[in-house]
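Engineer: take a look and give me a structure for this.
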Amino acid sequence: MVTAAATSDGAPDVLPARADFGLALCPDAPRHRSLVQLHAQLTVVESPTSGLPGQFDMIARLARWLCAGVAPPRVLAAAPDEPAAVTRLRLLVSALDRFPALRGLWVDALARVAAGTSAIKLLAETGLPNDRGLVHETADRLARRFLPRPPEHGDLAELLARAVRAPRDADWLATAPLDLLARLAALAGDACRPLADAAADAIALLATRVSALGLTEDMRARSLDGPLRGSPFFRLPRAPLAELPAVIAECRQQAEGVLDALEHHGVSVDMVYCLDAIRLSLDRIEVLLPLVEPGASRVAALRDLMSGLAGARVADRSLRRIVHGNLRLLARKVIERAGQTGEHYVTRTRREWLGMIGSAAGGGVLTAGTCAIKFLTKWGHFAPFVDGMLSAANYAASFIVMQLCGFTLATKQPSMTAAMLAGSIHQARDDHRLDDLVTLIARISRSQIAAALGNILMVIPAALALDWLYAQQAGQHFLDPAAAGAVVASLHPLESGTLFFAALTGALLWLSSLGAGWLENWTAYRRLPEAIEHHRVGSVIGRRTTRWLARGFARHVSGLGGNVTLGLLLGMTPVLGVFFGLPLDVRHVTLSTGSLTLAGVSLGQGAAGQSAFLWAALGIVFIGLLNFGVSFALALMVAFRAREVGQLERLRLVGAVLRRFARSPLEFFIPPRDPGPALPVGHQH
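Structural biologist: Now for the predicted structure:
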């Protein structure tokens, strides 16, 4: 440690005492804690003989005080609302300006650190995604958060990491007065000159990285129309400094074109990550350019750079920000494709409404068979994994047959129609469109009720018929009294886990809609329908056949993805519960209705009047409400966020729905004679 500095003639220049320091900077409060802290930071300094680590640590401590020290006396602030960090900066500049001995020590330390460290990582990597993809970036952030890191005294990025630890530590930099920063730069003199050379190297490195990302195969396939050498990404690292702004603008335009292509033809997380890396790297190049251009206003550029780096340092530690930023577009695309599927579940006319009931009735008939196979699987007493896979295959096969036959399963509707509704809400900005949205909600409501009635009212007679056929062949009911009693007990809404299991099933129904939307997005991104249409097998079976197969694949792929996902979720959830020792099960309203019907016919006519059976019937009602409600609520919440629907828009919609329901409640249950327009505004695809 040293407590004195040498003057230009070699005589020692004693550093100021604490009392003199405080009186010189703030006569009104010379003993204020912030002044005491600053005096300690400026006078207890490392000797030049301690080497780079000592000088580095000294500057890091001062930078931390500047960002997060005690608030100085308000009398020192230039304005009543001046941030405390700006006032601390003002205090630091005044101290260095008033005491030459302090200034000499600190300028010398700053020059040593600037000359002995590298700023490449700070300028070209801090706050920017790496070029290895989302998974590696997430892993790196997890490692930085939870694993200890050795000190890196040769890297200026370490200095920023020590100074800025929370968002509030960085917020003040954007508001720092330019005249104050100019005074600080004048005091530092040529000590920071190596940063200008580092900025030039960082620009070259960033330009090369952007060029590599912009010329990947996926980017070229969606952006390159002419020769490779004409691409702005090819020209970026080769362009002179004066031409860089124009080339950067071309790169941005081409990246926007790729983003539009993703919006229309399917989203890839890796592509979104790549585009995000390109955008942020181009932004960084533009911020660095004034630092290397002759005659540029470097103080303002330096403030913008440091403000951006400080904010990026905080963002570098955020897992939520990178996941949200890169999955947002994928989530919106998945929701959009689920919403397109949801249009098929919304009826407009009475004829369509009756058709929905008929379609759901077919689904109810098939569900009775699914229910019977479920019992046969359980009676096999297979190993848990085999039992789960057989159950999943039973559910998935049943749902796929429903789709291919044109039947409807009511519980699949809420998640699809919620995504469709959110897309329409996002586009509704006036009262006319709000009325259209209320009309859409009324259509969704009555369509959902029609599908639920069709499923439930038809699964009951279908289960009765199945039991009669079984009794004709086997001479007994499908369920024996013990199994029937267990079914009735399992559906009691208060004495079993029915309510929780029903809510869990609603969440699984919502997850299956995400699986449907993801698979359709994935096939669109991979252009699988086009690949099927032009497959070489067409030379054998004919191009007309391959076109028919491609159209059928495109039409059914979303349903196939959702059905298989739902089957796996329903079948394997109880198995996962056994594996982890958790009491997990599923309660699906149509399947549970079929099971209760089989149990009732086995127990006899007198069972219907018993309290246990009545409680089980009430449990069916709760199962239906939770299946539909949880699925719709989750889908609507995620769709709202993906579509960026604000709170005000949601409240306006709730008010409009309540007013419409009070005026015309039957519209939410039965279609009116005048069906209205074919689709709400903003929903033409």
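
Engineer: which helix is the longest one in the chain?
Structural biologist: helix 431-474 (DSSP state H).

Engineer: who does it touch, helix- and strand-wise?
Structural biologist: helix 350-379, helix 413-427, helix 589-603, helix 611-643, helix 647-663 (3 or more C-beta pairs under 8 Å, 6 or more residues apart in numbering; DSSP states H and E). The way it works is simple: take the backbone N, C-alpha and C, and place the C-beta from them, glycine included.

Engineer: adding mean neighbour count, write those helices out as CSV.
Structural biologist: Listed next are the helices and strands packed on helix 431-474 as CSV, based on neighbours: other C-beta atoms under 10 Å:
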stretch, mean neighbour count
helix 350-379, 20
helix 413-427, 26
helix 589-603, 25
helix 611-643, 20
helix 647-663, 13
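
Engineer: any idea which of the ones you listed gets closest to residue 128?
Structural biologist: Evaluated with C-beta to C-beta, these place helix 611-643 nearest to residue 128, the distance being 25.3 Å.

Engineer: roughly how far is stretch 517-530 from the heart of the chain?
Structural biologist: 20 Å (C-alpha atoms, centre = their mean, to the nearest Å).

Engineer: and it, average pLDDT?
Structural biologist: When pLDDT is averaged over stretch 517-530, the result is 79.

Engineer: same thing with stretch 138-153?
Structural biologist: Throughout stretch 138-153, pLDDT has a mean value of 70.

Engineer: equivalent analysis for stretch 157-166, please.
Structural biologist: 84.

Engineer: what do you get for stretch 376-384?
Structural biologist: The average pLDDT within stretch 376-384 is 92.

Engineer: after the longest helix of the chain, next one along is what?
Structural biologist: Using DSSP states H and E, the helix or strand that follows helix 431-474 towards the C-terminus is helix 481-490.

Engineer: which other helices and strands does that next one contact?
Structural biologist: helix 589-603, helix 611-643.

Engineer: residue 460 - nearest residue in space that isn't next to it in sequence?
Structural biologist: residue 597 (5.0 Å; C-beta to C-beta, 6 or more residues apart in numbering).

Engineer: measure that neighbour to residue 446 for me?
Structural biologist: Distance from residue 597 to residue 446, counting by C-beta to C-beta, to the nearest Å: 26 Å.

Engineer: low-confidence ranges, the stretch 101-250 of the chain, go.
Structural biologist: 130-137, 141-149, 224 (pLDDT under 70).

Engineer: helices along that one, start to end?
Structural biologist: Per DSSP state H, counting those that start in this stretch, the stretch 101-250 of the chain carries helices over the ranges 120-124, 134-146, 156-163, 178-188, 194-214, 217-223, 232-235, 244-265.

Engineer: contacts for the shortest one?
Structural biologist: Contacts of helix 232-235 from elsewhere in the structure, counted by C-beta atoms under 8 Å, 6 or more residues apart in numbering, are 210-211, 213-215, 219, 228-229, 247, 250-251, 254.

Engineer: check the residues you listed and tell me the two furthest apart.
Structural biologist: Distance extremes for the contacts of helix 232-235: the farthest pair is 213 and 229 at 17.5 Å, using C-beta to C-beta.

Engineer: which one's more surrounded, the two?
Structural biologist: Shown here are residue 213 and residue 229; by other C-beta atoms under 10 Å, residue 213 has more neighbours (19 against 8).

Engineer: which residues does the residue lying closest to residue 547 once chain neighbours are set aside contact?
Structural biologist: Counting by C-beta to C-beta, 6+ apart, the nearest residue to residue 547 once its immediate chain neighbours are dropped is residue 533, at 5.2 Å. Taking C-beta under 8 Å, 6+ apart as the contact definition, residue 533 lies against 543, 546-547, 549-550.

Engineer: among these, which ones are buried?
Structural biologist: Buried residues within the contacts of residue 533, defined by neighbour count using 16 or more other C-beta atoms under 10 Å: 546, 549-550.

Engineer: what's residue 30 sitting at in phi/psi?
Structural biologist: Backbone torsions of residue 30, given as degrees, to the nearest 10, read phi -70, psi -20.

Engineer: so that it lines up with my notes, have the first residue be 26 from now on.
Structural biologist: Fine by me, first position is 26 from now on; the one you just mentioned is residue 55.

Engineer: among the buried ones among the contacts of residue 558, which ones are in helices?
Structural biologist: Secondary structure assignment by DSSP H places 571, 574-575 of the buried ones among the contacts of residue 558 in helices.

Engineer: what's the separation between residue 257 and residue 154?
Structural biologist: Plainly put, residue 257 is 20 Å away from residue 154 if you go by C-beta to C-beta.

Engineer: next: residue 690.
Structural biologist: Counting by C-beta to C-beta, the gap from residue 690 to residue 154 is 52 Å.

Engineer: of the two, who's got more company?
Structural biologist: Legend: neighbour count by other C-beta under 10 Å for residue 690 and residue 154, higher for residue 154 (24 against 10).

Engineer: wait, isn't that one in contact with residue 300?
Structural biologist: No. Shown here, residue 154 and residue 300 do not form a contact pair, counting by C-beta atoms under 8 Å, at 10.3 Å.

Engineer: for the buried ones among the contacts of residue 558, which one is nearest residue 467?
Structural biologist: Using C-beta to C-beta, the buried ones among the contacts of residue 558 come closest to residue 467 at residue 575, 36.6 Å.

Engineer: my guess is the closest one meets residue 554, correct?
Structural biologist: Yes. At 4.4 Å, residue 575 counts as touching residue 554 under the criterion of C-beta under 8 Å.

Engineer: picking up where we left off before, which among the contacts of helix 257-260 end up buried?
Structural biologist: So, of these, 235-236, 238-240, 244, 272, 276, 279 end up buried under the neighbour-count rule (16+ other C-beta under 10 Å).

Engineer: and the pLDDT at the closest residue to residue 505 other than its chain neighbours?
Structural biologist: Distances taken as C-beta to C-beta, 6+ apart put residue 627 closest to residue 505, at 6.9 Å, once the chain neighbours are dropped. In this model, residue 627 is scored at 91, pLDDT.

Engineer: tell me the pLDDT at the residue nearest to residue 572?
Structural biologist: Per-residue confidence (pLDDT) for residue 558: 86.

Engineer: separation between it and residue 429?
Structural biologist: The gap separating residue 558 from residue 429 is 21 Å, by C-beta to C-beta.

Engineer: now residue 610
Structural biologist: Applying C-beta to C-beta to residue 610 and residue 429 gives a distance of 29 Å.

Engineer: between these two, which one's more packed in?
Structural biologist: residue 610 (17 against 13).

Engineer: could you find the closest non-adjacent residue to the more buried one?
Structural biologist: The shortest distance from residue 610 to any non-neighbouring residue, by C-beta to C-beta, 6+ apart, is to residue 526 (4.8 Å).

Engineer: can you pull the buried residues of the helix or strand harbouring the one you found?
Structural biologist: Using DSSP H and E, residue 526 sits in helix 523-551. Neighbour-count burial for helix 523-551 flags 523-524, 526-550 (criterion: 16+ other C-beta under 10 Å).
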